[in-house]
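> pasting the sequence and the predicted model now:
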Amino acid sequence: MVRIALPNKGRVYEPIMNIFEQAGLHIIDHSDRSLFAKTVDDEITLLFARSRDIPEYVEYGAADMGITGVDFIHESGCDIEVLLDMGMGRADLVVAVPDDSDIEKIEDLEGKKIATEFPEITKKFFSSKGINVHVVEVSGATEITPHIGVADAIVDLTSSGTTLSINHLKIIAHVLRTTQKLIASKESMAKDGRKISEITRALESVIEAKGKRYLMMNVPVSSLDMVKKKIPGMSGPTVMKVESTSPMCAVHAVVPEKEIYKLINELKDVGARDILIVPIERIMR
Ligand SMILES: Nc1ncnc2c1ncn2[C@@H]1O[C@H](COP(=O)(O)OP(=O)(O)OP(=O)(O)O)[C@@H](O)[C@H]1O
Ligand SMILES: O=P(O)(O)OC[C@H]1O[C@H](OP(=O)(O)OP(=O)(O)O)[C@H](O)[C@@H]1O
Ligand SMILES: [Mg+2]
């Protein structure tokens with residue numbers, strides 16, 4: 001039996017659930033407040049926990065695997081294996097000060113107070129730079145602290161930048177970049193390595209397929225070379241002979257979604273026709 005710890009709420013909950021569904025690891029028996037869920041694979045159960053607690057749960061064996069952010073992995077200091085980047089929950093942990101502050105660089109923070117939800121990362125960051133600071137631990141709404149005399153600066157996450165901006169804060173340094181990671185304990189890797197690889201591959205196949213499309217078209221043989229030059233296939237496009245009165249072939253390829261708009265016009269210009277673009281659910285390499 002493999003137990004996977006997943007965030008029980010928040011912005012990453014829904015996207016993670018969607019990846020499990022797309023990977024075919026359907027959840028059964030999960031009522032709203034339940035902390036456990038069975039999946040269609042009776043060797044895999046899910047448990048729902050706070051993102052911050054997931055590294056410890058995995059390290060101490062309460063779960064074999066988990067999904068959490070690089071921020072919480074570093075903060076915990078846990079010795080676990082990172083198996084896969086989930087390609088979501090992208091944010092930067094930054095040092096920020098009020099817009100009107102005289103503080104311009106981290107050296108100006110010598111002897112000052114820093115509020116954060118990430119005390120361990122913050123202490124390590126400043127001591128690695130040889131700067132002495134007082135770290136004030138808070139459990140949320142960190143952006144308010146410089147405006148109420150609790151701190152001179154904050155170390156907090158930012159992605160869109162909206163929260164910093166509405167709280168009149170400016171970034172003076174970057175501490176780390178975080179995304180969600182699939183993790184596992186070393187013991188579980190040794191014990192259930194085969195099952196853990198199977199789960200990793202299934203989730204990876206969904207992540208690989210994100211932002212990609214399957215492109216199909218008919219191409220007169222005389223245009224084939226020009227069409228091939230335009231297509232960035234995974235391992236070259238697939239070319240098949242088509243039964244038709246004039247020499248024709250079918251070309252299939254996997255292409256990045258963001259290139260489609262430009263690409264189909266270019267392909268049409270060099271002679272491709274009957275172009276079809278279809279979504280891809282999974283890619284298993
Ligand atoms: N602004 C953000 N953009 C992208 N990812 C973020 C952001 N803030 C937090 N995260 C990531 O979301 C994960 C969960 O963080 P957290 O426990 O704070 O939950 P949340 O989704 O922010 O909900 P809440 O703070 O309401 O509990 C963390 O791994 C963190 O890196
Ligand atoms: O750059 P933005 O897109 O504005 O995102 C940044 C905000 O997101 C996180 O807060 P969250 O919503 O998790 O609330 P919390 O502070 O209570 O954790 C983070 O702590 C910032 O406050
Ligand atoms: Mg949060």
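Cool, the structure landed. Ligands and ions are numbered 1, 2, ... in the order given.
> contacts for stretch 30-43, please.
1-2, 8, 20, 24-29, 45-49, 195 (C-beta atoms under 8 Å, 6 or more residues apart in numbering). C-beta coordinates here come from the backbone N, C-alpha and C atoms, glycine included.
> and ligand 2, which of those residues contact it?
Among the contacts of stretch 30-43, none lies close to ligand 2 by the criterion of C-beta under 6 Å from any ligand atom.
> pull out the buried members of those residues.
2, 8, 20, 25, 27, 45-49, 195 (16 or more other C-beta atoms under 10 Å).
> turn these into CSV, including secondary structure, pLDDT and distance to ligand 1.
Formatted as CSV, the buried ones among the contacts of stretch 30-43 follow (DSSP: H, G, I helix; E, B strand; the rest coil; pLDDT from 0 to 100; distance: C-beta to the nearest ligand atom, whole Å):
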residue, secondary structure, pLDDT, distance to ligand 1
Val2, strand, 97, 22
Asn8, coil, 93, 9
Phe20, helix, 96, 17
Leu25, coil, 95, 21
Ile27, strand, 91, 19
Thr45, strand, 95, 22
Leu46, strand, 96, 17
Leu47, strand, 96, 16
Phe48, strand, 95, 12
Ala49, strand, 96, 10
Lys195, helix, 98, 25
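> need the max-distance pair from those.
Asn8 and Lys195 (23.2 Å; C-beta to C-beta).
> pLDDT below threshold where in the stretch 101-250 of the chain?
Residues of the stretch 101-250 of the chain that meet the criterion pLDDT under 70 lie in 233-235.
> tell me which parts of it are close to ligand 1?
So the stretch 101-250 of the chain meets ligand 1 at 157, 159, 178 (C-beta under 6 Å from any ligand atom).
> which residues does the last one bridge with?
Translated: Thr178. Ala91 (DSSP bridges).
> now swap in the first one and tell me
Note on Leu157: beta-bridge partners by DSSP bridges are Leu93.
> quick revisit: list buried residues within the residues of the stretch 101-250 of the chain next to ligand 1.
By 16+ other C-beta under 10 Å, these give 157, 178 as buried.
> could you dump the residues of the stretch 101-250 of the chain next to ligand 1 into TSV with distance to Arg282 added?
Formatted as TSV, these follow (distance: C-beta to C-beta, whole Å):
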residue	distance to Arg282
Leu157	30
Ser159	27
Thr178	26
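> which single one of the residues of the stretch 101-250 of the chain next to ligand 1 is nearest to ligand 1?
Ser159 (3.3 Å; C-beta to the nearest ligand atom).
> for Glu243, give me phi and psi.
phi -70, psi 110 (degrees, to the nearest 10).
> give me the number of residues near it?
5 (other C-beta atoms under 10 Å).
> so for the helix or strand where Ala250 lies, what gets flagged as buried?
For Ala250, the element it lies in under DSSP states H and E is strand 248-256. By 16+ other C-beta under 10 Å, the buried positions in strand 248-256 come out as 248-249, 251, 253-255.
> identify the residue of the stretch 1-150 of the chain closest to ligand 2, quick one.
Gly140 (3.3 Å).
> quick check, that residue in contact with Ala115.
No. Assessed by C-beta atoms under 8 Å, Gly140 is found out of contact with Ala115, at 10.8 Å.
> out of those two, which sits in the busier spot?
A side-by-side neighbour count of Gly140 and Ala115, using other C-beta under 10 Å, places Ala115 first with 25 against 8.
> ok, that one - contacts?
136-138, 142, 145-146, 150-151, 153-155.
> would you verify that it is located in a strand?
Yes. Using DSSP: H, G, I helix; E, B strand; the rest coil, the assignment for Ala115 is a strand.
> beta partners of it?
Here Ala115, judged by DSSP bridges, has bridge partners Val136, Ile154.
> close to ligand 2: what parts of the stretch 51-200 of the chain are there?
Close to ligand 2, as judged by C-beta under 6 Å from any ligand atom, the stretch 51-200 of the chain has residues 140-141, 143, 156-163.
> 8 Å instead, please
91, 117, 139-143, 156-165 (C-beta under 8 Å from any ligand atom).
> what subset of those residues is buried?
Judged by 16+ other C-beta under 10 Å, buried ones among those: 91, 117, 142-143, 156-158, 163-164.
> which residue lies farthest from the center of the chain?
Within the chain, the residue lying farthest from the chain centre (C-alpha atoms, centre = their mean) is Thr245, at 49.1 Å.
> helix, strand or coil: sort out that one for me.
coil.
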